[in-house]
Each structure stands twice: as C-alpha cells, then as structure tokens.
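Peer 1: Next input, structure requested:
(2 chains)
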Amino acid sequence: MEALIAIGAGIAVLAGIGAGVGIGIATAKSAEAIARQPEAEGKISKNFILGCALAEATAIYGFIIGVLIIFFL
Amino acid sequence: MDQLNCKTVFEVPVLGGISESVVVTWIIMAVLVIASILLTRNLKVENPGKIQLLLESGISWTNDFFEGILGKSNRRYIPYLTTVLIYLGVSNTIGLFGFKPPTKDLNVTAALAIMSMCLIEFSGIYKNGVKHWMKHFAKPVAIVAPIMVLEIFIRPLSLCMRLFGNILAGFVVMELIKAFVPLIVPIPLSFYFDIFDGLIQAYVFVFLTALFMTEEME
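Peer 2: From the prediction side, this is the model:
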C-alpha cells in the first residue's frame, strides 16, 4: 500500500510537465516580442506574468493532489 | 514532516484553538501598524526626507499600477488592494525571519480569496446594478449560464489554491534542502523560494483580483 501511495503521488506530480512546457513557450515568445519591440516591454511583461501565473496553476494542482494523496490516504 | 501541519498554539475558552498562522498574522499586523504609524509621522510638503520620498514613490507605483488595470473611475478599490499586496508581500517573505509563512495555511488563503470574491461581485453590482449583473450570466448565449455561475466560485478557488500551493511548495522544498544540506546551499535557493516567489505570488494575487474586477465591471 505504501508503495502504491508513493507511485500515485509521483504520477500526480507529472502534471508539472505541461506547466513547464507552457511557461517555456511563453518565455520564448515574450523574449522574442521584447527583442522585436523593446518599447512595449512593460505591457509584454505584464501579460507574460499573468500567463505564467495561469499556466503554473496546473502544476500547483498536481502538487496539491500529490500532497493530499500522501497525507490523506 | 511535522513542519507541514498547522499547529494549534493555545486555546481561547470561547473561540476555540488559535492556530500558528493566526499568531504570525497578529505579529505581522502589529509590525505593519507600528511601521505605518512611525513612517507617516512628520510628513512635510517642503523639503521631504528620504523616507518620505521612498514612501511616495512606492505609493505612486501601486496607484499607477492599479489605476492602469481598474481605470481612473474606480480609484476607491485601490487602498484595499494595496493593503492585501503589502500583507501578502510581508507574509510570504516572513520565512526569512524564521516564522512559518501564514499563507502556507489553506484557511488564510481561502479567507483572502473569499474576500476577493465578495469584492469582485460587489464591484460589478455597484457599477452596473443588480439587473445587469443578473443578465450578464447569459451574455453570449443563454446556454453558458451554468458555466458563468460556476465561474464565481472557480475564480476564488484558483486564486486560493495558487497562492497556497506556491508557498507550500516553496516551504517543502526549502525544508527538504535544509534537511539534506544545512550549509550554504540553502542561501541562493532561499532567494528564489522565499523572496522572489513570494513577491511574485503577492503581485499575481492582487493583479488577478483587479483584472477580474475590471472584467466584472464592463
């Protein structure tokens, strides 16, 4: 049972893959956008942080499920 | 592992157990109140001191930031959002002083998110009236109404979970690192997990609250 709980928590944390890929793409695009138009940096970085916060939420949900599995099963 | 639990510090006869996060919040409140009383004494119009200039630039930064999102006509919400920003900024970085951050407790972030939910809905109703607020659920087509109603509760849920999860994740990682390598290695990681991540999350929380308010006030 212990081993199964550990495996379940590990699988739940796989949700981080999506967030990693998403934030990576967002960072690449925002760096490109700033390189093209340096004067719009303020607006771009504001949107970038917003997008990162929203994309990161999925990773956080995975982490919370992992913690819940470890502590409440 | 017992670092993760939110311990009950002492019991009050009528109200029940007082948890650790509440005590740390009281400490933060005391520090912030005393600091704001001390810092705002002796404000001058003519040749202001260094502290006053610093305060003025900070306040004008937050005012510009929120005004850019909310618009000029909704200045009345700025003090609340600034207060939440300062409180979250201090409480997320308080791990540096050896306290456990109160935002690591799900109850604290849930309370903040519920306050945000009330503010978001109130701002929409205050601006456009109850009738418009009831109508806006069926805005593009009537069939999306259940999803729009669910959105009222999903927005604070995701705000609450995002803040709680980030701070708890940072806390867990820091505790693990401190258990494995107690020397030197935690220092650069503490800069990221305690300072950078905490401030970014405080920023994101108030930013999203303000953004949802503008969305609601359209």
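Peer 1: Look up which helix or strand residue 32 falls in, please.
Peer 2: Answering for chain A, as no chain was given. helix A:16-36 (DSSP states H and E).
Peer 1: looking at chain B here, not the other one
Peer 2: Residue B:32 belongs to helix B:20-39 when assigned by DSSP H and E.
Peer 1: Just give the nearest non-adjacent residue to residue B:144, would you?
Peer 2: Using Cβ to Cβ, 6 or more residues apart in numbering or on different chains and skipping residues adjacent in sequence, the residue nearest residue B:144 is residue B:138, 7.4 Å away. Where C-beta positions appear, they are placed from N, C-alpha and C, glycine not excepted.
Peer 1: OK, contacts around the one you found?
Peer 2: Residues near residue B:138 by Cβ atoms under 8 Å, 6 or more residues apart in numbering or on different chains: B:144, B:145, B:148.
Peer 1: which ones among the residues you listed are found in helices?
Peer 2: Among those, the residues falling in helices (DSSP state H) are B:145, B:148.
Peer 1: Tell me which residue in chain A sits closest to chain B.
Peer 2: Distance from chain B to each residue of chain A (Cβ to the nearest Cβ) is smallest for residue A:60, at 3.4 Å.
Peer 1: Check which helix or strand that residue maps to.
Peer 2: Counting by DSSP H and E, residue A:60 is part of helix A:41-72.
Peer 1: Could you list every helix and strand in contact with that helix?
Peer 2: Judged by 3 or more Cβ pairs under 8 Å, 6 or more residues apart in numbering or on different chains; DSSP states H and E, helix A:41-72 is in contact with helix A:2-13, helix A:16-36, helix B:145-180, helix B:197-217.
Peer 1: And for the last one, what's in contact with it?
Peer 2: In other words, helix B:197-217. Helix B:197-217 is contacted by residues A:46, A:49-50, A:53, B:66, B:69-71, B:74, B:77, B:81, B:84-85, B:88-89, B:92-93, B:95, B:101, B:103, B:112, B:116, B:119-121, B:123-124, B:127-128, B:155, B:159, B:162-163, B:166-167, B:170 when judged by Cβ under 8 Å, 6+ apart.
Peer 1: For it, buried residues please.
Peer 2: Neighbour counts over helix B:197-217 (16 or more other Cβ atoms under 10 Å in any protein chain shown) mark B:197-198, B:200-210, B:212-213, B:216-217 as buried.
Peer 1: returning to what we had before: extract the C-alpha trace of the helix holding residue B:32 and format it as PDB.
Peer 2: Output of helix B:20-39 as PDB, limited to C-alpha atoms (Å, rounded to 0.1, in the frame of the first residue of the first chain):
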ATOM      1  CA  GLU B  20       0.000  29.300  14.400                       C
ATOM      2  CA  SER B  21      -0.900  31.200  11.300                       C
ATOM      3  CA  VAL B  22      -3.200  33.400  13.300                       C
ATOM      4  CA  VAL B  23      -0.400  34.300  15.700                       C
ATOM      5  CA  VAL B  24       2.000  35.000  12.900                       C
ATOM      6  CA  THR B  25      -0.600  37.200  11.300                       C
ATOM      7  CA  TRP B  26      -1.100  39.100  14.500                       C
ATOM      8  CA  ILE B  27       2.700  39.700  14.600                       C
ATOM      9  CA  ILE B  28       2.600  40.900  11.000                       C
ATOM     10  CA  MET B  29      -0.400  43.200  11.800                       C
ATOM     11  CA  ALA B  30       1.400  44.700  14.800                       C
ATOM     12  CA  VAL B  31       4.600  45.300  12.800                       C
ATOM     13  CA  LEU B  32       2.800  46.800   9.900                       C
ATOM     14  CA  VAL B  33       0.600  49.100  12.100                       C
ATOM     15  CA  ILE B  34       3.500  50.300  14.100                       C
ATOM     16  CA  ALA B  35       5.600  50.800  10.900                       C
ATOM     17  CA  SER B  36       2.900  52.800   9.200                       C
ATOM     18  CA  ILE B  37       2.400  55.000  12.300                       C
ATOM     19  CA  LEU B  38       6.100  55.600  12.600                       C
ATOM     20  CA  LEU B  39       6.700  56.200   8.900                       C
END
